[in-house]
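S.K.: Sequence first, predicted coordinates after that:
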Amino acid sequence: MDETAARVTLPVRLIPDRTSALGLVLLFPTIGVFVLWGFVSDVVDGWQRIGLWRALTDEPGMMIALGIGLAVLLWMETVAILRALPKSPFFYLEISADGLKRRDLTKEKSIAWAKIEKLNLVERMQRNGKTRKMHWWILAETDQWAEDHDVDRRIKQALLAYDTDELSPAFSSSKEVAGDLLAVLRELRSSVGKGSKDVAVSLPATLRRVAISAVPAAAPVAGKVMTKARPKPRSVIER
């Protein structure tokens, strides 16, 4: 464990690194301008020459392709913006004394510590366009699937699988982050299994950079309303 590790109170959320998300927010509009510009120009020229209605009826396939392309870019841009939001409310891995919870946009999956038989780290070479990069996955799995040699199958069958590349800055390896996270999870699982009441965990610097508190804000006490004090009116005698 990192010597600079510090104790933090659970529950805590690990959120994706925002530098990658911010880069995608800028990238997708650029793709839209340079890739779709020529296509859109041809469509607009056709509208001007033969009219909008005839262009729609004569070349419906082109209109459909344009609509699909714009819809895909808008969806990818929306997801990138949601990832870039402060504290990333739609993408995170939450660690609590009860177990783990992963939120991926609208999908949410929780698993209790008692159901996790093994916590392991696996490597998976993943392709992104023309480039390839090694990703490090944390797997909460059963003894049965932990013995499987097929990495893709283990990720699919895991009780909970988490790609730690989300926690690393763009163009960097997540190997160190993955190792630190695995050590934290194993330590916490062991302490919970022994009946420890400790609800704090040591986070190294690699994880504190992407960690936020998941403790909900305290609700106001019912029946108590803060009002501004008003001076007590004086009686006629006091005047």
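M.R.: Arrived safely, thanks for sending. Since the structure is predicted, the reported quantities are computational estimates derived from the model, not experimental observations.
S.K.: quick one: contacts for residue 211?
M.R.: For residue 211, the set of contacting residues under the criterion of CB atoms under 8 Å, 6 or more residues apart in numbering consists of 8, 12-15, 203. Just so you know, the C-beta spots here come from the backbone N, C-alpha and C atoms, and that holds for glycine as well.
S.K.: what do you get if the cut-off is 6 Å, keeping everything else the same?
M.R.: Under the criterion of CB atoms under 6 Å, 6 or more residues apart in numbering, the contact list for residue 211 reads 12, 14, 203.
S.K.: any idea what sits nearest it, other than its immediate chain neighbours?
M.R.: Leaving out its chain neighbours, the residue that sits closest to residue 211 by CB to CB, 6 or more residues apart in numbering is residue 12, at 5.3 Å.
S.K.: What strands line up against the helix or strand hosting residue 13, and which way round?
M.R.: Secondary structure assigned from DSSP states H and E places residue 13 in strand 12-14. Here strand 12-14 has these sheet partners by DSSP bridges: strand 91-95 (antiparallel), strand 211-213 (antiparallel).
S.K.: Just name the most buried of the ones you listed.
M.R.: Looking across the strands paired with strand 12-14 with neighbours counted as mean count of other CB atoms under 10 Å, the highest average goes to strand 91-95: a mean of 22.
S.K.: Work out which residue lies at the spatial centre of this structure.
M.R.: residue 91 (2.4 Å; CA atoms, centre = their mean).
S.K.: who does it bridge with?
M.R.: Under the criterion DSSP bridges, residue 91 forms beta bridges with residue 104.
S.K.: Give me the distance between it and residue 79.
M.R.: Using CB to CB, to the nearest Å, one gets 9 Å for the distance from residue 91 to residue 79.
S.K.: now residue 103
M.R.: On the measure of CB to CB, residue 103 and residue 79 end up 13 Å apart.
S.K.: Next: residue 123.
M.R.: Using CB to CB, one obtains 26 Å as the distance from residue 123 to residue 79.
S.K.: Which one of the two is surrounded by more residues?
M.R.: Between residue 123 and residue 79, counting by other CB atoms under 10 Å, residue 79 is the more crowded of the two (17 against 11).
S.K.: so that one, which of the three states?
M.R.: Of the three states, residue 79 takes helix according to DSSP: H, G, I helix; E, B strand; the rest coil.
S.K.: residues touching residue 154, list them.
M.R.: Listed by CB under 6 Å, 6+ apart, the contact set of residue 154 reads 145, 148.
S.K.: All good on my end, thank you.
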